[in-house]
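> I need the structure of the sequence given here:
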Amino acid sequence: AADDLLSRLGRASWEALESWVGPQALRLVAESLATTLWIVSSGISAALTTLCKILGVLLAASGISGDRLVRAAALGPGEVQRVLLWGLAALVGSWLLSRLRGLLLPALRWVKLCCFLGAFLHVAASQESPTVQAGMLLGLWVLYALLGRLVGSPGPSTQLDATVRSLEWKVEELWRRQK
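Below you'll find the predicted structure:
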């Protein structure tokens, strides 16, 4: 039995759900979900296999040998199920991160700043030639700028929205005074 963090988290979640809904009801729901996922995966696998066969015939008719590529794209139900589960995990993770973004963004900015400050000091104190140091510092600066664009600060659109709302409120106030 694996004793890693993910396994312990899964067991703890399963035990908590069992205590809330009961072991028999939870087992029934889990079996139903597993069966449904297997049926959907089998359908997707059959569709992929059919499409790959059609693609193989089209490639063969065109004189292109793509047998290996076509065979690699035809996934079995187990592989499709794995892809679907990883996709679901990515979707749930993305949703959670979007919910936690307001809390994590300030902390991530400080972590990014500290990491780049440490990297800058490491490059500046290195025994490399000045040309290599300048190149590494330039690369570090570009990476910092790119990560700043990706993480971004609450942009001017938020400030613009607040300014527009303020102006709308002032216009309404002027209309009320004129009447």
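> low pLDDT regions in the chain?
1-2, 149-156 (pLDDT under 70).
> in it, which spans are strands?
Taking DSSP state E as the test, none of the chain falls into strands.
> which helices and strands does the helix ranked longest in it pack with?
Secondary structure assigned by DSSP state H gives helix 77-125 as the longest helix of the chain. Packing partners of helix 77-125 (3 or more C-beta pairs under 8 Å, 6 or more residues apart in numbering; DSSP states H and E): helix 23-62, helix 130-151. From N, CA and C alone the C-beta is placed, and that goes for glycine too.
> To residue 16, which of these lies closest?
Nearest to residue 16, of all those, is helix 23-62, at 10.2 Å by C-beta to C-beta.
> buried sites along the closest one?
Across helix 23-62, burial judged by 16 or more other C-beta atoms under 10 Å covers 26, 37, 41, 44-45, 48-49, 52, 56.
> now the helices and strands packed on helix 77-125 in CSV, with distance to residue 74?
Below are the helices and strands packed on helix 77-125 laid out as CSV (distance: least, C-beta to C-beta, whole Å):
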stretch, distance to residue 74
helix 23-62, 4
helix 130-151, 36
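> so which of those helices comes closest to residue 170?
Using C-beta to C-beta, the helices and strands packed on helix 77-125 put helix 130-151 closest to residue 170, at 33.7 Å.
> Can you list the neighbours in contact with that closest one?
105, 108-109, 112, 116, 119-120, 123-124, 126, 128 (C-beta atoms under 8 Å, 6 or more residues apart in numbering).
> Make a ChimeraX selection of the buried ones in those residues.
Buried members of those, defined by 16+ other C-beta under 10 Å, are picked up in ChimeraX with:
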select :116,123
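> Kind regards, and thank you for your time.
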